[in-house]
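Chemist: take this sequence and fold it.
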Amino acid sequence: MTGESDLRVLLSDLRPELHPGRYVYATAPDGGVPSGATPVVTVREAEGLTLVLPEAEAVAVGLPYSYVTGWITLRVHSALEAVGLTAAVSLALTDAGISCNVVAGFHHDHLFVPYERSAEAVAVLEALASESGTG
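Modeler: A predicted model of the protein is given here:
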């Protein structure tokens, strides 16, 4: 199935889903994923391997971490070449004073927001979807 690229359709069909649990950002000390860790995101940078993983796993494998987040998946199947989705979502969360880190997967976009504001972020995104309805 080809992803959606029409911004109005994307916004009206966001369907944000909050995953249970707390997720954190950590850096793998040797550039590899530690045994016992199952990150939901990895990003290789010149400075090392960034991991986003459940907080309990970071603690269990002894990884220092920062930025405790909630993980929200936008269930709309967005095309990778779609224009404006990240900007619109970021603006809505910015207007609410909620920081957000966005990761694009092949089928969906994933947002990492401050854990204590996760439910509020979902409500902001649901309001954005409602306001963007295709009628």
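Chemist: same for the longest strand seen in the chain, what does it pack against?
Modeler: Assignment by DSSP state E gives strand 65-74 as the longest strand of the chain. Where contact means 3 or more C-beta pairs under 8 Å, 6 or more residues apart in numbering; DSSP states H and E, strand 65-74 is packed against strand 16-18, strand 23-28, helix 55-61, strand 109-114, helix 118-131. Backbone N, C-alpha and C define where each C-beta goes, glycine included.
Chemist: pLDDT averaged over that strand - what is it?
Modeler: The average pLDDT within strand 65-74 is 96.
Chemist: begin at 66, not 1, for the rest of this chat.
Modeler: Yes, from this point I'll number from 66; that puts the last item at strand 130-139.
Chemist: buried stuff in it?
Modeler: In terms of neighbour count (16 or more other C-beta atoms under 10 Å), strand 130-139 has its buried residues at 130, 134-139.
Chemist: contacts only, for the most centrally placed residue in the chain.
Modeler: Of all residues in the chain, the one closest to the mean position by C-alpha atoms, centre = their mean is L176, 1.8 Å from it. For L176, the contacting residues are 81, 136-139, 154, 158, 165-168, 186, by C-beta atoms under 8 Å, 6 or more residues apart in numbering.
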